[in-house]
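Participant: turn this into a model:
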Amino acid sequence: MANIKIYTDGASRGNPGPGGYGVVLKSGKHYKELSEGFRKTTNNRMELLSVIKALEELKGEGHNVVVYSDSKYVVDAIEKGWVFNWQKKNFKGKKNADLWRKFLKIYPKHKVKFVWIKGHAGHPENERCDDLAVKAAQQKNLKIDEGFENNI
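Facilitator: Reported below is the predicted structural model:
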């Protein structure tokens with residue numbers, strides 16, 4: 001199976017406010033970028049959605065994946081096992097339960113490791129993801145983040 005590096009970032013202008021995510025996927029000679037913007041969301045939702053969208057993009061199962069993120073929220077929730085305890089308690093009192101449930105459906109399909117990297121520190125792929133996320137949030141006719149707007 002392929003060794004895949006995924007770089008992710010989320011952004012929002014206001015929290016909540018217009019937001020977006022950016023993703024860079026790299027595997028061997030393959031390179032792909034993803035981004036999308038939403039009219040009202042939060043930074044943490046976009047950070048998590050960027051990981052979900054990246055994992056959904058992978059073909060097949062069983063890949064060795066390293067996700068690089070500047071989101072302590074996402075990285076710690078997974079690497080420290082918090083999300084699995086939240087799941088046992090049906091996400092009672094937790095934000096973004098809709099996205100965490102979505103993440104937990106796709107996460108087991110691969111061997112995924114999360115690595116936290118400092119944001120805005122000159123890391124080329126992280127900077128690219130940030131640029132993609134910010135530009136996505138600035139577009140016109142943004143999508144509706146139904147999981148957020150329906151639960152306000």
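
Participant: next structured bit after whichever strand or helix holds residue 99?
Facilitator: Element membership of residue 99, judged by DSSP states H and E, is helix 97-106. For helix 97-106, the following helix or strand on the C-terminal side (DSSP H and E) is strand 111-116.

Participant: look up how far residue 103 lies from residue 5.
Facilitator: Look at residue 5 and residue 103: by CB to CB, to the nearest Å, they are 18 Å apart. Just so you know, the C-beta spots here come from the backbone N, C-alpha and C atoms, and that holds for glycine as well.

Participant: how close does the spatially closest residue to residue 151 that is not a sequence neighbour sit to residue 107?
Facilitator: Excluding the flanking residues, the one nearest residue 151 by CB to CB, 6 or more residues apart in numbering is residue 98, at 7.6 Å. Distance, residue 98 to residue 107, using CB to CB: 15 Å.

Participant: which of residue 5 and residue 103 has more residues huddled nearby?
Facilitator: Taking neighbours as other CB atoms under 10 Å, residue 5 and residue 103 compare with residue 103 leading, 20 against 15.

Participant: quick one: contacts for the more buried one?
Facilitator: By CB atoms under 8 Å, 6 or more residues apart in numbering, the residues touching residue 103 are 48, 51, 52, 55, 83.

Participant: is residue 17 bridged to anything, and to what?
Facilitator: Residue 17 has the following beta-bridge partners by DSSP bridges: residue 41.

Participant: is it true that it touches residue 38?
Facilitator: No - using CB atoms under 8 Å, residue 17 is not in contact with residue 38, being 9.7 Å away.

Participant: between the two, who's got more neighbours?
Facilitator: Between residue 17 and residue 38, residue 38 has the larger neighbour count (other CB under 10 Å), namely 27 against 15.
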